[in-house]
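K.L.:
Give me a 3D structure for the following:
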Amino acid sequence: MMALRTTVIMKTDIRGSTVRFRALPAVDLDALLTEHRAFVSRVAAAHDGRIVKPEGDGFWVVFPSVTAGALAAMSMQEELRLAQPGKGDDRLAMRIVLTLGDVLHQEGALVGDAVVLAARIEDITPPDEVYLSATAWLALNQAEVRTSFVDAFAVKGFPEPVSVYRIEQTHHTRIITGQYIVVTDLDGFSTLVETSSMEAVEKVLNRLYKLVGRVCREFSGTNLFGAGDAYTLTFLDPGLTMAAVEHLAEEWGAFKRRDGIRCPMNIAVHKGKFYAFRSFIYSTDLIVVGYVENATRRLPSGDTSIFVTGQVRRDLVGTPWDERLQPIDVQPTSPVLAEIEIYRLC
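P.N.:
Just a heads-up that it's a prediction; the model follows:
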């Protein structure tokens, strides 16, 4: 006979996933779901939690205490926001529910009122929020996690309205240091838009989007944000950064030549830091790399070009890229560039 165990249950769900996922090719959908599962599993494990069962794009997760589950939920929400700055309504957003009760664990399944209640509360939980049942709220260490009362709701399967609480998530600015910041832009894209069909423009943007995503996955990068034909990416290792931008340049060059696209890519790389608050990011170094890309775009090339600042070059001493970096003179487009050394990868 299977025994009931008092269990802390977390239920996660991605907002508006059905419509979003329909627009993704199968390979991209599989990569997104695999990455999301790894993310939920990693954060849960850091708080002694484990995934018991996947359900669509969501997961059933168990924890040793409500406080551990609450801290994990807060970490998930914060990390997910910081990983998608500047994406607005297009970003991935989760809703998370925590309940507590006697649950039957049977062959990977969870059975009990706490399980049913988690599913019911999930239906009323807004994106980016963490909601708790009354029993979970009572067991929570209020000194570690701030909460507030939402309301009492009539839900299917429960004779009386159930009280629901929300976690008051605190947001603090994080300083992200040691970042290799990459800005890419297509030269001549405006002309392409004005002189080509919508299908041709869409083909270029789709190819660029897929290529950037693949490069980030293969070289452990992060796509901070994109706007039209321009992207801002970050990497943590100088060698991986250079390998990534070279691969990006080679793949884009091959596509450009094969399809006769007159849009060479300009790539600028700078090392620095940025600040993250909620889903916003900002820093002087982001401005610097933007100015570097803008200034080097005026140089004669005709093909994809890669430029790095002196801060990056110093970290490449002794690598195969060191000897290929040649200093260049550019007319500073801003006082920000006055003290910045710029090198072209030859």
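
K.L.:
Show me which positions of stretch 178-186 end up buried.
P.N.:
179-186 (16 or more other C-beta atoms under 10 Å). (C-beta placed from N, C-alpha, C; glycine too.)

K.L.:
can you give me the offset of that stretch from its chain's centre?
P.N.:
Chain-centre distance of stretch 178-186: 16 Å, with C-alpha atoms, centre = their mean, to the nearest Å.

K.L.:
Give me the contact list for that stretch.
P.N.:
192, 204, 208, 212, 221, 229-238, 241, 244-245, 248, 263-274, 285-286, 289-290, 292-293, 297, 312 (C-beta atoms under 8 Å, 6 or more residues apart in numbering).

K.L.:
Ok, stretch 70-89 next?
P.N.:
10, 12, 39-40, 43-44, 46-47, 49, 61, 63, 91-94, 96, 98, 128, 130, 132, 140, 144-145, 167, 169, 171, 174, 222, 224-225, 276, 278-281.

K.L.:
buried subset of those residues?
P.N.:
Buried among these (16+ other C-beta under 10 Å): 10, 12, 39-40, 43-44, 47, 49, 61, 63, 91-94, 96, 98, 128, 130, 132, 140, 145, 167, 169, 222, 224-225, 276, 279, 281.

K.L.:
Let's see which of those residues end up in strands.
P.N.:
Among the buried ones among the contacts of stretch 70-89, the members found in strands (DSSP state E) are 10, 12, 61, 63, 94, 96, 98, 130, 132, 167, 222, 224-225, 276, 281.

K.L.:
Among the buried residues of stretch 178-186, which one lies nearest to Gly157?
P.N.:
Nearest to Gly157 out of these is Gln179 (C-beta to C-beta; 48.7 Å).

K.L.:
for that closest one, which residues make a bridge with it?
P.N.:
Residues in a beta bridge with Gln179, per DSSP bridges, are Gly272.

K.L.:
how close does it sit to Ile281?
P.N.:
Computed as C-beta to C-beta, to the nearest Å, the Gln179 to Ile281 distance reads 10 Å.

K.L.:
Not counting residues beside it along the chain, what's closest to Pro64?
P.N.:
Using C-beta to C-beta, 6 or more residues apart in numbering and skipping the chain neighbours, the partner closest in space to Pro64 is Asp48 (5.2 Å).

K.L.:
which residues touch that neighbour?
P.N.:
Contact analysis of Asp48 by C-beta under 8 Å, 6+ apart lists 63-64, 68.

K.L.:
thinking again about what came up before, please enumerate the shared neighbours of Gln179 and Ile281.
P.N.:
With contacts taken as C-beta under 8 Å, 6+ apart, Gln179 and Ile281 have Phe274 as neighbours in common.

K.L.:
quick one, strands of the stretch 51-200 of the chain?
P.N.:
58-63, 94-106, 109-111, 130-133, 147-153, 162-167, 174-186 (DSSP state E, counting those that start in this stretch).

K.L.:
before we move on, the earlier item: mind giving me a markdown table with the contacts of Asp48 and columns for distance to Asp28?
P.N.:
Below are the contacts of Asp48 laid out as a markdown table (distance: C-beta to C-beta, whole Å):
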| residue | distance to Asp28 |
| --- | --- |
| Phe63 | 31 |
| Pro64 | 36 |
| Ala68 | 33 |
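
K.L.:
any idea which of the residues you listed is closest to Met198?
P.N.:
Met198 lies nearest to Phe63 out of those, by C-beta to C-beta, at 49.7 Å.

K.L.:
Low-confidence ranges, the stretch 1-150 of the chain, go.
P.N.:
In the predicted model of the stretch 1-150 of the chain, residues 1-3, 16-24, 84-90 satisfy pLDDT under 70.

K.L.:
in it, which spans are helices?
P.N.:
Using DSSP state H, counting those that start in this stretch, the helices of the stretch 1-150 of the chain run over 17-22, 26-45, 66-82, 113-122, 134-139.

K.L.:
for the third one, the distance to its chain's centre please.
P.N.:
Distance, stretch centre to chain centre, for helix 66-82: 15 Å (C-alpha atoms, centre = their mean).

K.L.:
Which residue ranges make up the domains of the chain?
P.N.:
Segmentation of the chain into domains, based on automatic domain parsing, reads 4-167, 174-345.

K.L.:
pLDDT averaged over the longest one - what is it?
P.N.:
What it means is domain 174-345. The pLDDT scores in domain 174-345 average 91.

K.L.:
Give me the distance between the two termini of it.
P.N.:
Using C-alpha to C-alpha, to the nearest Å, the span of domain 174-345 from its first residue to its last is 32 Å.

K.L.:
separation between the spatially closest residue to Val150 that is not a sequence neighbour and Ala26?
P.N.:
Among residues not flanking Val150 along the chain, Val164 sits closest, at 4.5 Å (C-beta to C-beta, 6+ apart). If you measure Val164 against Ala26 using C-beta to C-beta, the figure is 37 Å.

K.L.:
Centroid-nearest residue for the chain?
P.N.:
Residue closest to the mean C-alpha point of the chain, counted by C-alpha atoms, centre = their mean, is Ala83 at 3.1 Å.
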